[in-house]
Structures are given as structure tokens and as C-alpha cells.
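I'd like to go over a predicted model; first the sequence, then the structure.
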Amino acid sequence: EVIVTASYEGLLSVYSPADRESEGLLFQAQLSLAILEVHNFETKSSDNSNSELAVLHPNKLVIYAFKSQEGLKLEPRVEMPIASSAANAVVGRFGNQSRPQVCVQTVDGNLAFYNHVSTDVPLVT
């Protein structure tokens with residue numbers, strides 16, 4: 001388990017709540033854009049289970065994969081542009097999907113569903 005925090009200044013931090021001896025900081029990165037939200041979720045394939053992080057920026061959604069080689073690293077998997085300014089997001093299996101999708105609501109009230117596995121454009125807007 002990890003705790004992920006983010007800021008409008010673009011600072012992304014990952015902590016281990018089990019590490020009580022130190023501050024528990026596992027990873028920290030300064031991203032170039034403001035971070036509106038982060039969502040940690042797992043995807044499962046036939047050979048393994050991966051932890052991924054959806055990072056919502058004002059005009060794009062970026063999916064990162066956690067890599068634990070020589071410490072924790074985040075590797076960007078896909079970047080998806082958002083047509084209008086983002087307001088918020090939620091991750092779930094919408095419409096009986098087998099894999100998680102990300103639903104982004106824009107400030108003008110539109111919803112866009114992103115399937116980060118198979119496409120880099122919204123499924124429905």
C-alpha cells in the first residue's frame with residue numbers, strides 16, 4: 001500500500017504508511033504541469049498485476065506505471081489530451097468493462113471516458 005499526494009505546483013509524492021521509522025517517502029517527482037487529481041489503481045493481465053497512477057492535469061490525462069527497479073519509479077505509459085479544461089476524474093469499470101477506465105468531467109460539464117489500454121482518444125464525450 002502507498003499514499004500518493006500531489007500539488008497544483010506539480011509535486012508528486014509517494015509514501016509508505018508502513019515505514020514508521022522515517023518519513024516513509026518512497027518517491028518524489030516535480031512534474032511540469034499542475035496536478036488536479038491522482039488515482040492509484042491496479043490492472044490485471046494474464047501474467048501479472050500492475051499498479052498504475054492516473055494523473056489529471058488541466059488539459060491532459062497521463063497514465064503512469066509503477067516500476068520497482070532500483071527504487072520506485074514512475075514510467076509514463078500514455079498521455080491523452082483533454083479538449084476542454086478538466087475539473088475532476090474518477091476511475092472505474094463503467095458499463096461492465098473488464099478493465100478500469102477514467103471518466104473526466106470538464107469545467108463545462110462534459111464527460112469523457114478514457115480507456116488507456118486500447119486508445120488515446122475519448123471513447124464517449
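Yep, it's here. Every value quoted in this text rests on a predicted model; they were computed, and no experiment measured them.

now the most centrally placed residue in the chain, which residues is it bridged with?
Geometric centre of the chain, nearest residue: Ala54, 0.9 Å, by C-alpha atoms, centre = their mean. Per DSSP bridges, the residues bridged to Ala54 are His39, Ile63.

enumerate every residue touching it.
Contacts for Ala54 (C-beta atoms under 8 Å, 6 or more residues apart in numbering) come out as Glu37, Val38, His39, Phe41, Leu61, Val62, Ile63, Tyr64, Ala89, Val91, Val102, His116. C-betas here are computed from N, CA, C, even on glycine.

does the fourth one sit in a helix, a strand or a coil?
Three-state call for Phe41 (DSSP: H, G, I helix; E, B strand; the rest coil): strand.

neighbours of it, how many?
15 (other C-beta atoms under 10 Å).

which ones are touching it?
For Phe41, the contact set (C-beta under 8 Å, 6+ apart) comprises Ser51, Glu52, Leu53, Ala54, Val91, Pro100.

which of those residues ranks first by neighbour count?
Per-residue neighbour counts (other C-beta under 10 Å) across the contacts of Phe41 peak at Ala54, which has 23 neighbours.

quick revisit: can you turn the buried part of the contacts of Ala54 into a PyMOL selection?
Here is the PyMOL command that selects the buried residues among the contacts of Ala54 (16 or more other C-beta atoms under 10 Å):
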select buried, resi 37+38+39+61+62+63+64+89+91+102+116
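
got the contacts of Ala54 as a markdown table, with pLDDT columns?
Listed next are these as a markdown table, based on pLDDT from 0 to 100:
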| residue | pLDDT |
| --- | --- |
| Glu37 | 95 |
| Val38 | 94 |
| His39 | 91 |
| Phe41 | 72 |
| Leu61 | 94 |
| Val62 | 93 |
| Ile63 | 89 |
| Tyr64 | 87 |
| Ala89 | 94 |
| Val91 | 89 |
| Val102 | 90 |
| His116 | 64 |
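
between the contacts of Ala54, which is nearest Ala6?
Proximity of these to Ala6 (C-beta to C-beta) peaks at Val38, which lies at 4.9 Å.
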